[in-house]
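Visitor: no sequence on this one, just coordinates:
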């Protein structure tokens, strides 16, 4: 272990002992960028690791709001502005009961390098709240988001920090947040991405993370003369990423046989075709129901309180949440001969699971590369807002496809250059890190 890396890790553990998700994300990056650190001694001289692992700013605030019974509820809000070396802070807002400072810091840290990989001028940040929109009325969600933005607005701006959506924050939430920002600031700017098309949103943005995931895995498969055509695919989750990954897999000739939510998963050996996909879209986006309804309607298997990795498939796309694939899940995937794993969620594989992938020669696309399509298209939305224009669906999709191809190329090139050919985790981490580190050196101690 490099002494500089080890020293930084120990300092972080001592400083923030109660932040396991953050430490997991940092360890994964630091362990893989050692060859780049050793090739660039100036990074230690400039304290790059100490600085890149410490947020530039952490904002925590209370969010009081009135429920439908007129009772005061109080949640906790966060915004972690991690690194602005290559552009304004950029990263989503997550509304989920699991949100705490450790989770937001891990997401913000990952976002630094993910944004760097896109090639667009965006720094890293993340935010959210332990508010749970599940089961809340539209009015309650509006009251909460308005209160949340009443505080958040003073910390963000189109050239400072541009939030977007994440788990629990879809088009409804973004609309309420944007309306409150506009009301307070009296200006119409591109301060949020993932907006509706009627008020400055971009075509392809809803599809972008799922599409980008499939584009990246397509490129990865091509290095082995493989493709999605005729392949069975396990996808976890049934939200935005899973929905559009399913659609794109279908378009490329694959067959998605699983979807899930927090209660369990469905297994459909005939595949989630267009008609079934439309049902999922309505179920999750309009009726906000549970995936078990899919099993009831189409007469397929439903496995309560389980994850889909026990099924035999060719490709796995974990697209639900962090640490959803553990060592035992990974061993099952290996046993069933899986060719590739592409991370649609943020950090969905535990370190032990990743070790299993790599030791068994599975093609592994880490989240910061594979799911960068969402933030890449957010960057394109920012560009359209700045120019006061909109591009066609085809134009944005072509740009997204090109960005994902370039991320794949950058990861492959960096992995080869620094002694780990074929290791996309090493390649993506080093490629993302080097751009940020060089920018930090160039800007001095700030």
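Guide: Sure thing, it's come through. Quick caveat: nothing in here was measured; it's all calculated off a predicted structure. Numbers count the residues shown, from 1 in each chain.

Visitor: Residue 247 contacts residue 280, doesn't it?
Guide: No: if you go by Cβ atoms under 8 Å, residue 247 and residue 280 don't touch, sitting 10.0 Å apart. All C-beta atoms are positioned from the backbone trio N, CA, C, and that covers glycine.

Visitor: where exactly do the helices run in the stretch 1-150 of the chain?
Guide: 3-15, 20-32, 34-39, 42-45, 48-52, 101-117, 138-152 (DSSP state H, counting those that start in this stretch).

Visitor: quick one: which of those helices is nearest residue 307?
Guide: Smallest distance to residue 307 across these (Cβ to Cβ): 18.7 Å, for helix 20-32.

Visitor: Could you list every helix and strand in contact with that closest one?
Guide: Applying 3 or more Cβ pairs under 8 Å, 6 or more residues apart in numbering; DSSP states H and E, one finds that helix 20-32 contacts helix 3-15, helix 101-117, helix 351-359, helix 424-442.

Visitor: just how off-centre is the last one within its chain?
Guide: Its chain's C-alpha centre lies 18 Å from the corresponding centre of helix 424-442 when counted by Cα atoms, centre = their mean, to the nearest Å.

Visitor: hang on, the earlier thing: highest mean neighbour count out of the helices of the stretch 1-150 of the chain?
Guide: helix 101-117 (a mean of 26; mean count of other Cβ atoms under 10 Å).

Visitor: Let's have the helices and strands packed on helix 20-32 in TSV, adding distance to residue 177 and mean pLDDT.
Guide: Shown next, in TSV, are the helices and strands packed on helix 20-32 (distance: least, Cβ to Cβ, whole Å; pLDDT from 0 to 100):
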stretch	distance to residue 177	mean pLDDT
helix 3-15	32	96
helix 101-117	17	97
helix 351-359	34	97
helix 424-442	28	98
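
Visitor: how many neighbours does residue 189 have?
Guide: 16 (other Cβ atoms under 10 Å).

Visitor: From what I see, it and residue 158 are in contact.
Guide: Yes: between residue 189 and residue 158 there is a contact under Cβ under 8 Å: 4.5 Å.

Visitor: Quick check: neighbours shared by these two?
Guide: Counting by Cβ atoms under 8 Å, 6 or more residues apart in numbering, the common neighbours of residue 189 and residue 158 are residue 385.

Visitor: Need the helices and strands packed on helix 20-32 in TSV (columns: distance to residue 194).
Guide: Below are those laid out as TSV (distance: least, Cβ to Cβ, whole Å):
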stretch	distance to residue 194
helix 3-15	31
helix 101-117	15
helix 351-359	29
helix 424-442	22
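
Visitor: Of those helices, give the one that comes closest to residue 209.
Guide: Nearest of these (Cβ to Cβ): helix 101-117, 10.9 Å.

Visitor: Please tell me how far that closest one is from the chain's geometric centre.
Guide: 9 Å.

Visitor: could you check the angle helix 424-442 makes with that helix?
Guide: Taking axes from the mean of the first three to the mean of the last three Cα atoms, to 10 degrees, one finds helix 101-117 and helix 424-442 inclined to each other by 80 degrees.

Visitor: Domains in the chain, by residue range?
Guide: The record's domain parsing of the chain by automatic domain parsing lists 3-188, 208-365.

Visitor: ranges for the strands of the chain?
Guide: 57-66, 72-83, 89-95, 123-129, 161-164, 232-235, 255-261, 264-267, 301-304, 315-317, 340-342, 363-365 (DSSP state E).

Visitor: In TSV: those strands, plus mean pLDDT and mean neighbour count.
Guide: Shown next, in TSV, are those (pLDDT from 0 to 100; neighbours: other Cβ atoms under 10 Å):
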stretch	mean pLDDT	mean neighbour count
strand 57-66	98	15
strand 72-83	98	20
strand 89-95	97	28
strand 123-129	98	29
strand 161-164	98	25
strand 232-235	98	26
strand 255-261	98	25
strand 264-267	98	22
strand 301-304	98	14
strand 315-317	98	29
strand 340-342	98	27
strand 363-365	98	23
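
Visitor: For those, give me JSON lines that also has distance to residue 137.
Guide: Converted to JSON lines, those look like this (distance: least, Cβ to Cβ, whole Å):
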{"stretch": "strand 57-66", "distance to residue 137": "12"}
{"stretch": "strand 72-83", "distance to residue 137": "13"}
{"stretch": "strand 89-95", "distance to residue 137": "15"}
{"stretch": "strand 123-129", "distance to residue 137": "17"}
{"stretch": "strand 161-164", "distance to residue 137": "23"}
{"stretch": "strand 232-235", "distance to residue 137": "30"}
{"stretch": "strand 255-261", "distance to residue 137": "20"}
{"stretch": "strand 264-267", "distance to residue 137": "26"}
{"stretch": "strand 301-304", "distance to residue 137": "27"}
{"stretch": "strand 315-317", "distance to residue 137": "33"}
{"stretch": "strand 340-342", "distance to residue 137": "36"}
{"stretch": "strand 363-365", "distance to residue 137": "38"}
